[in-house]
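1. Any chance you could fold what I've pasted below:
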Amino acid sequence: MKSYVFAVITMFLLSGCYALNKEHYNSVVETPSKIDSLQKSNEKMQQDIRSLKDSLSHMQNNMHSEINNESVAIAQPTPTSIHVVLQQKLMFDSGSSDISANGREALVKFSDALRHAPEDATIRIVGHSDNRPVGAELKPEFIDNWGLSAARAAAVARFFVWGAHINPSRIHIEASAGTQPVADNSTEEGRAQNRRIELFVEES
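-> The predicted model follows:
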(Lines give C-alpha, C1' and ligand atoms only; values in the text may rest on other atoms or scores of the structure.)
Protein backbone atom coordinates (compact mmCIF):
# COMPACT_ATOMS: atom_id res chain seq x y z
CA MET A 1 0.00 0.00 0.00
CA LYS A 2 2.82 2.39 0.91
CA SER A 3 4.57 1.70 -2.37
CA TYR A 4 1.34 2.47 -4.24
CA VAL A 5 0.91 5.80 -2.42
CA PHE A 6 4.57 6.63 -3.11
CA ALA A 7 4.11 5.86 -6.80
CA VAL A 8 1.04 8.08 -7.01
CA ILE A 9 2.83 10.96 -5.27
CA THR A 10 5.84 10.53 -7.57
CA MET A 11 3.65 10.60 -10.66
CA PHE A 12 1.89 13.71 -9.38
CA LEU A 13 5.17 15.51 -8.76
CA LEU A 14 6.56 14.47 -12.12
CA SER A 15 3.43 15.66 -13.91
CA GLY A 16 3.80 19.01 -12.15
CA CYS A 17 7.43 19.25 -13.17
CA TYR A 18 6.46 18.37 -16.73
CA ALA A 19 3.85 21.11 -16.78
CA LEU A 20 6.31 23.64 -15.40
CA ASN A 21 9.04 22.54 -17.80
CA LYS A 22 6.62 22.71 -20.73
CA GLU A 23 5.52 26.20 -19.72
CA HIS A 24 9.13 27.29 -19.36
CA TYR A 25 10.03 25.72 -22.71
CA ASN A 26 7.14 27.48 -24.44
CA SER A 27 8.11 30.81 -22.93
CA VAL A 28 11.72 30.36 -24.03
CA VAL A 29 10.64 29.39 -27.55
CA GLU A 30 8.18 32.32 -27.82
CA THR A 31 10.51 34.97 -26.36
CA PRO A 32 12.56 35.60 -29.54
CA SER A 33 9.41 36.11 -31.62
CA LYS A 34 7.98 38.47 -29.00
CA ILE A 35 11.22 40.44 -28.93
CA ASP A 36 11.22 40.61 -32.72
CA SER A 37 7.62 41.82 -32.71
CA LEU A 38 8.41 44.50 -30.14
CA GLN A 39 11.45 45.62 -32.10
CA LYS A 40 9.42 45.92 -35.30
CA SER A 41 6.72 47.84 -33.46
CA ASN A 42 9.31 50.20 -32.00
CA GLU A 43 10.96 50.66 -35.40
CA LYS A 44 7.58 51.54 -36.95
CA MET A 45 6.85 54.03 -34.19
CA GLN A 46 10.22 55.70 -34.64
CA GLN A 47 9.70 55.83 -38.41
CA ASP A 48 6.21 57.29 -37.92
CA ILE A 49 7.61 59.97 -35.60
CA ARG A 50 10.26 60.89 -38.19
CA SER A 51 7.61 61.00 -40.92
CA LEU A 52 5.36 63.29 -38.87
CA LYS A 53 8.27 65.58 -38.12
CA ASP A 54 9.09 65.68 -41.84
CA SER A 55 5.45 66.43 -42.63
CA LEU A 56 5.42 69.23 -40.04
CA SER A 57 8.52 70.78 -41.60
CA HIS A 58 6.88 70.74 -45.05
CA MET A 59 3.68 72.29 -43.66
CA GLN A 60 5.65 75.11 -42.08
CA ASN A 61 7.51 75.75 -45.34
CA ASN A 62 4.46 75.40 -47.60
CA MET A 63 2.25 77.63 -45.45
CA HIS A 64 4.88 80.19 -44.56
CA SER A 65 2.89 83.18 -45.85
CA GLU A 66 -0.31 82.08 -44.04
CA ILE A 67 1.64 81.63 -40.80
CA ASN A 68 3.19 85.08 -41.17
CA ASN A 69 -0.18 86.80 -41.57
CA GLU A 70 -1.54 84.81 -38.59
CA SER A 71 -4.29 83.05 -40.50
CA VAL A 72 -2.64 79.65 -39.83
CA ALA A 73 -0.90 78.27 -36.74
CA ILE A 74 0.97 74.95 -36.68
CA ALA A 75 2.27 73.03 -33.68
CA GLN A 76 3.36 69.54 -32.69
CA PRO A 77 1.84 68.94 -29.23
CA THR A 78 3.16 65.35 -29.05
CA PRO A 79 5.71 63.34 -31.08
CA THR A 80 2.82 61.48 -32.75
CA SER A 81 0.51 64.38 -33.62
CA ILE A 82 0.35 67.68 -35.52
CA HIS A 83 -2.13 70.45 -34.75
CA VAL A 84 -3.07 73.03 -37.39
CA VAL A 85 -5.44 75.96 -36.81
CA LEU A 86 -7.05 77.65 -39.86
CA GLN A 87 -8.81 80.93 -39.13
CA GLN A 88 -12.22 81.61 -40.67
CA LYS A 89 -10.92 84.77 -42.38
CA LEU A 90 -8.74 82.47 -44.50
CA MET A 91 -11.23 79.65 -45.02
CA PHE A 92 -14.79 80.99 -45.31
CA ASP A 93 -16.79 84.13 -45.92
CA SER A 94 -19.00 85.15 -43.02
CA GLY A 95 -21.94 82.77 -42.58
CA SER A 96 -20.79 80.51 -45.43
CA SER A 97 -19.63 76.90 -45.57
CA ASP A 98 -18.13 77.28 -49.04
CA ILE A 99 -14.33 77.21 -48.89
CA SER A 100 -12.78 80.39 -50.27
CA ALA A 101 -10.08 80.45 -52.96
CA ASN A 102 -7.45 81.28 -50.34
CA GLY A 103 -8.78 78.48 -48.16
CA ARG A 104 -8.51 75.95 -50.97
CA GLU A 105 -4.95 77.09 -51.65
CA ALA A 106 -4.04 76.57 -47.98
CA LEU A 107 -5.62 73.10 -47.97
CA VAL A 108 -3.65 72.16 -51.11
CA LYS A 109 -0.44 73.13 -49.30
CA PHE A 110 -1.49 71.16 -46.23
CA SER A 111 -2.39 68.10 -48.32
CA ASP A 112 0.92 68.23 -50.14
CA ALA A 113 2.81 68.23 -46.83
CA LEU A 114 0.56 65.47 -45.51
CA ARG A 115 1.99 63.07 -48.11
CA HIS A 116 5.12 62.91 -45.96
CA ALA A 117 3.14 61.70 -42.92
CA PRO A 118 2.47 58.00 -42.21
CA GLU A 119 -0.17 56.60 -44.56
CA ASP A 120 -2.30 55.39 -41.67
CA ALA A 121 -2.26 58.69 -39.75
CA THR A 122 -5.78 59.99 -39.15
CA ILE A 123 -6.95 63.52 -39.95
CA ARG A 124 -9.44 64.85 -37.42
CA ILE A 125 -11.29 67.99 -38.55
CA VAL A 126 -13.02 70.12 -35.92
CA GLY A 127 -15.27 73.06 -36.80
CA HIS A 128 -15.65 75.95 -34.32
CA SER A 129 -17.72 79.13 -34.19
CA ASP A 130 -18.03 82.10 -31.84
CA ASN A 131 -20.88 82.36 -29.34
CA ARG A 132 -23.16 84.61 -31.38
CA PRO A 133 -26.39 82.97 -32.59
CA VAL A 134 -26.82 82.31 -36.30
CA GLY A 135 -28.57 85.28 -37.92
CA ALA A 136 -32.11 85.07 -39.27
CA GLU A 137 -30.85 85.22 -42.87
CA LEU A 138 -28.82 82.03 -42.29
CA LYS A 139 -31.54 80.07 -40.47
CA PRO A 140 -32.86 78.40 -43.65
CA GLU A 141 -29.43 76.83 -44.20
CA PHE A 142 -28.03 76.47 -40.66
CA ILE A 143 -30.27 75.94 -37.66
CA ASP A 144 -27.55 77.05 -35.26
CA ASN A 145 -23.78 77.22 -34.78
CA TRP A 146 -23.64 73.44 -34.48
CA GLY A 147 -24.95 73.18 -38.02
CA LEU A 148 -22.59 75.87 -39.31
CA SER A 149 -19.46 74.40 -37.70
CA ALA A 150 -20.42 70.89 -38.85
CA ALA A 151 -20.97 72.08 -42.43
CA ARG A 152 -17.57 73.77 -42.49
CA ALA A 153 -15.79 70.70 -41.13
CA ALA A 154 -17.59 68.55 -43.71
CA ALA A 155 -16.57 70.94 -46.50
CA VAL A 156 -12.91 70.51 -45.54
CA ALA A 157 -13.34 66.73 -45.39
CA ARG A 158 -14.85 66.70 -48.88
CA PHE A 159 -11.96 68.78 -50.21
CA PHE A 160 -9.46 66.26 -48.82
CA VAL A 161 -11.35 63.30 -50.30
CA TRP A 162 -12.40 64.76 -53.64
CA GLY A 163 -9.64 67.29 -54.22
CA ALA A 164 -6.59 65.73 -52.57
CA HIS A 165 -7.66 62.06 -52.94
CA ILE A 166 -7.06 61.22 -49.29
CA ASN A 167 -8.56 57.92 -48.18
CA PRO A 168 -11.88 58.82 -46.49
CA SER A 169 -11.32 56.13 -43.84
CA ARG A 170 -8.56 58.33 -42.43
CA ILE A 171 -10.84 61.33 -41.94
CA HIS A 172 -13.04 62.14 -38.94
CA ILE A 173 -15.10 65.30 -38.50
CA GLU A 174 -16.40 67.01 -35.37
CA ALA A 175 -18.51 70.11 -34.70
CA SER A 176 -17.97 72.10 -31.51
CA ALA A 177 -19.98 75.26 -32.32
CA GLY A 178 -18.92 77.85 -29.71
CA THR A 179 -18.27 75.44 -26.84
CA GLN A 180 -14.45 75.54 -27.04
CA PRO A 181 -13.41 79.20 -27.27
CA VAL A 182 -9.72 80.07 -27.29
CA ALA A 183 -10.28 83.79 -26.82
CA ASP A 184 -12.71 86.25 -25.22
CA ASN A 185 -16.04 86.28 -27.03
CA SER A 186 -16.82 89.76 -25.70
CA THR A 187 -14.52 91.36 -28.31
CA GLU A 188 -14.55 91.12 -32.10
CA GLU A 189 -10.89 90.15 -32.10
CA GLY A 190 -11.61 87.30 -29.69
CA ARG A 191 -14.64 86.09 -31.65
CA ALA A 192 -12.54 86.09 -34.83
CA GLN A 193 -10.01 83.78 -33.16
CA ASN A 194 -12.78 81.44 -32.03
CA ARG A 195 -14.15 81.04 -35.57
CA ARG A 196 -11.74 78.43 -36.87
CA ILE A 197 -11.08 74.97 -38.28
CA GLU A 198 -8.69 72.72 -36.40
CA LEU A 199 -6.86 69.86 -38.08
CA PHE A 200 -5.28 67.10 -35.99
CA VAL A 201 -2.96 64.67 -37.76
CA GLU A 202 -2.63 61.75 -35.36
CA GLU A 203 -0.69 58.51 -35.42
CA SER A 204 -1.90 55.99 -32.83
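
2. Beta-bridge partners for Ile171, please?
-> With DSSP bridges as the criterion, the beta-bridge partners of Ile171 are Ile123.

3. change the start of the numbering to 621 and stick with it
-> That works, and once the first residue is 621, the last one we named lands at Ile791.

4. That one: what's it in contact with?
-> Ile791 is in contact with Thr742, Ile743, Arg744, Ile745, Ala777, Phe780, Val781, counting by CB atoms under 8 Å, 6 or more residues apart in numbering. For glycine as for every other residue, the C-beta is placed from the backbone atoms N, C-alpha and C.

5. what's the burial count for the first one?
-> Read that as Thr742. Thr742 has 15 neighbouring residues, counting by other CB atoms under 10 Å.

6. For it, list the residues it contacts.
-> Arg790, Ile791, His792, Phe820, Val821, Glu822, Glu823, Ser824.

7. Please repeat the previous calculation with a cut-off of 6 Å.
-> Thr742 makes contacts with Arg790, Glu822, as judged by CB atoms under 6 Å, 6 or more residues apart in numbering.

8. just the fourth one next, same as before
-> Neighbour list for Ile745: Ala773, Val776, Ala777, Ile793, Leu819 [criterion: CB under 6 Å, 6+ apart].

9. Rounded mean pLDDT for stretch 729-746, please.
-> Stretch 729-746 carries an average pLDDT of 96.

10. buried ones in that stretch?
-> Counting neighbours by 16 or more other CB atoms under 10 Å, one finds that the buried residues in stretch 729-746 are 729-731, 733-734, 736-738, 741, 743-746.

11. wait, is Ile694 part of a strand?
-> Yes - applying DSSP: H, G, I helix; E, B strand; the rest coil, one finds Ile694 inside a strand.

12. how far away is it from Phe730?
-> Per CB to CB, to the nearest Å, Ile694 is found 9 Å from Phe730.

13. out of the contacts of Ile745, which are inside helices?
-> Applying DSSP state H to the contacts of Ile745, the entries found in helices are Ala773, Val776, Ala777.

14. Filter the residues you listed down to just the buried residues.
-> Listed as buried from these are Ala773, Val776, Ala777; burial here means 16+ other CB under 10 Å.

15. Closest one of those residues to Gly810?
-> Ala773 (21.2 Å; CB to CB).

16. Does the closest one touch His792 like I think?
-> No - the pair formed by Ala773 and His792 falls short of the contact definition of CB atoms under 6 Å, at 9.4 Å.

17. for the chain, what spans make up the strands?
-> Taking DSSP state E as the test, the strands found in the chain are 692-698, 701-707, 742-748, 791-797, 816-822.

18. could the buried ones among the ones in helices among the contacts of Ile745 go into CSV alongside distance to Asp674?
-> Conversion of these to CSV gives the following (distance: CB to CB, whole Å):
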residue, distance to Asp674
Ala773, 26
Val776, 23
Ala777, 24
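
19. what's the distance between Ala774 and Arg816?
-> The gap separating Ala774 from Arg816 is 15 Å, by CB to CB.

20. Between those two, which is the more surrounded one?
-> When Ala774 and Arg816 are compared on other CB under 10 Å, the one with more neighbours turns out to be Arg816, at 27 against 15.

21. beta partners of the closest residue to the more buried one other than its chain neighbours?
-> Nearest residue to Arg816 in three dimensions, chain neighbours excluded: His748, at 5.0 Å (CB to CB, 6 or more residues apart in numbering). Under DSSP bridges, the beta-bridge partners of His748 are Ala797, Arg816.
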